[in-house]
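In: coords please:
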Amino acid sequence: MKLHKLVFILFLSVFTLSVSAQTANELRRKKEAIERDIEQLQKSLNKTANGKKLTLQQINVINAQIRLRQDKIGTINSEIKNLDNQISQNTNTVHTLQGQLGDLKKEYAGMIRFAQRNRNSYDKMMFIFAAKDFNQAYKRIKYLQQFSQYRKKQAGYIENTQQDLNGKIKVLDRTLKAKSDLLKEQERERARLGQDKNQQSAVLNNLSKQEKTFKQDIASKKKQQAQYDRLIKAAIQRAIEEARREEARKRAAEEARLAAEAKAAAAKAKAENKPAPAAPPVAKAKTTSETLTATPETARLSDGFENNRGKLPWPVATGQITERFGMHKVDQASYTNNGVDITTAPGTPVRAVFAGKVIKVDYIQGRAVVIIMHGDYFTIYQNLRDVKVSTGSTVETKQVLGAVATTGDDAILKFQIWRGNAILNPEAWISK
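Out: Take a look at the predicted model:
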C-alpha cells in the first residue's frame, strides 16, 4: 500500500510539473514576443528622438511602450506564480519522499535485525524440520526465499526513493533560483517602466511649448483621415445599396412569379366554380445584414468571419499597436480612431485577415486604401503602396494586398473592421 501511494504521488507530481512546464513555455514565449515589440518600438522612437518637432506618433509610441512594459511585468508575475505552484508541489513531494524513505529504512532495519537473529543455517533448518507435515515444510522454505527476495526489493526501493528525493531537491533548488532571477528581472522592468513614464511626462510637458505646432499636426491628421473616412463610408454604403438593388430585383421577380401563379389559380378556380385561393403573403423587407448575406456564398463568408472572432490573423506578420480604437485626447486636442494603428517595418507585406471580395482600391495623396467585403463584414487596410489586388478581385486569408507605406520616419498600417455601417474594435477580432 505504501508503495502504491508513493507511485501515485510521483505520478501526480510528474503530471502537475508537465502542465506547469507547458504553462511556463507559453509565458516565456509571450514575454519574448513582448520584448521584441518593445525593442522595435524603441528603434522607432530613436529615429524621432533627435527631431525638434513633437509628433503625435512619438507620444503614441511611448504610450504603447508603457502598455507593453506593463504587460511584460504582468507576464513575469504569472511566471512567478507558476513557479510558486511548482515550488509548493516539489516541497510537498520532497516531504512525502522523506517520510516514505524513513518508513522504508525502519522496515529494512527490522528485517536486518530479524535476519541477524536467524542468520544461522542450523536455525533455518530447525525452522523447516519443525513443520507438522511436508506441505507446511514447503511453505516455510518458500517463506524464507520470499523473505530474502523482499529484503533485496526493499533495498532497491530505498535506493530508488533516495535518488528520486535527490532529484526533486535539485529541481527545487533550480526552481528557487529561477524565481530569484525572475524577481530581479521584475525589479529591472519596474525601473524601466518608471523611466518610460518619466519620458512620457517630459514629452507631455513639452506640449505647452509646441502646443500650436502639435495642434496643427492633429488637425492635419484629422483632415486627411476625414478624406479616408468619407471614401470608406461611401464604398461600404455603395456595397449595401448594390446588395439591396439585387435583393429588390430578386424580390420583384419572385412577386411577379407568385402573382402569375395566383392569377392562373384564380382563373382555374373560376372555371371549376370554386372559391378563389388566398393571395400569397408579401415578403418582408430584409435587414442590412440579411441583405448582405442573401446568397449562400456571402452567408458562409459572414459566418466564417464571425466564428473567427478573436482568432483572425494580424494584417501584418510583425508589428505593434501604437494607437488603439476609439477617442483619444492629448492635452487639449482630441480625435477619434475608427480602427487601430499598427507600427511595423517599412515595406512590410499587408495581408487579408479573411477571404472575401475587394470592393474598393483607391488612393489619397499617393497612399492606397483597400476595402474587402466578407459577407456583412468589411475590413479596411489604409496607408499601402505597391498594391497587388484590384476592385472586384477575390482574395484568400493571408493573401498579400500590398506593402505598408512609410509616413515620416515610421511605417504605419491603419486597420479597421466594420459590420454594415457599424464600426468595430479590431482588437476584439484579431489574435492576441
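
In: tell me where the protein has strands.
Out: Assigned by DSSP state E, the strands in the chain fall at 320-323, 326-330, 333-337, 340-344, 349-351, 356-364, 367-374, 377-385, 394-395, 400-404, 406-407, 410-419, 422-424.

In: who touches the fourth one?
Out: Defining contact as C-beta atoms under 8 Å, 6 or more residues apart in numbering, one finds that strand 340-344 is touched by 40-41, 44, 57, 60-61, 64, 314-316, 318-325, 404, 410-415, 426-427. Quick note: C-beta positions are derived from backbone N, CA and C, even for glycine.

In: quick one: the helices in this structure, in order.
Out: Using DSSP state H, the helices of the chain run over 2-49, 56-117, 121-129, 134-206, 211-271, 288-292, 296-307.

In: select from the ones you listed the stretch with the lowest mean pLDDT.
Out: Lowest mean pLDDT within these: helix 121-129, at a mean of 56.

In: now stretch 398-410: buried residues?
Out: Of the residues in stretch 398-410, Q399, L401, G402, A403, V404, A405, D410 count as buried by neighbour count, 16 or more other C-beta atoms under 10 Å.

In: end-to-end on stretch 311-324?
Out: 18 Å (C-alpha to C-alpha, to the nearest Å).

In: okay, buried residues for it please.
Out: Going by 16+ other C-beta under 10 Å, stretch 311-324 has these buried residues: L312, W314, P315, V316, G319, Q320, I321, T322, E323, R324.

In: so what's the residue nearest to the third one when sequence neighbours are not counted bridging to?
Out: Going back to what we said before, that points to P315. Among residues not flanking P315 along the chain, F415 sits closest, at 5.2 Å (C-beta to C-beta, 6 or more residues apart in numbering). With DSSP bridges applied, F415 shows beta-bridge pairing to V340, Y381.

In: just the CA atoms of stretch 187-201, as PDB, please.
Out: Taking Å, rounded to 0.1, in the frame of the first residue of the first chain, the C-alpha atoms of stretch 187-201 are listed here in PDB:
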ATOM      1  CA  GLU A 187      12.600  44.900 -10.500                       C
ATOM      2  CA  ARG A 188      14.500  45.900 -13.600                       C
ATOM      3  CA  GLU A 189      11.300  46.100 -15.600                       C
ATOM      4  CA  ARG A 190       9.700  48.300 -12.900                       C
ATOM      5  CA  ALA A 191      12.600  50.600 -13.100                       C
ATOM      6  CA  ARG A 192      12.400  50.800 -16.900                       C
ATOM      7  CA  LEU A 193       8.600  51.400 -16.600                       C
ATOM      8  CA  GLY A 194       9.400  54.300 -14.300                       C
ATOM      9  CA  GLN A 195      11.800  55.700 -16.900                       C
ATOM     10  CA  ASP A 196       9.200  55.300 -19.600                       C
ATOM     11  CA  LYS A 197       6.700  57.200 -17.500                       C
ATOM     12  CA  ASN A 198       9.200  59.900 -16.800                       C
ATOM     13  CA  GLN A 199       9.800  60.200 -20.500                       C
ATOM     14  CA  GLN A 200       6.100  60.400 -21.100                       C
ATOM     15  CA  SER A 201       5.800  63.200 -18.500                       C
END
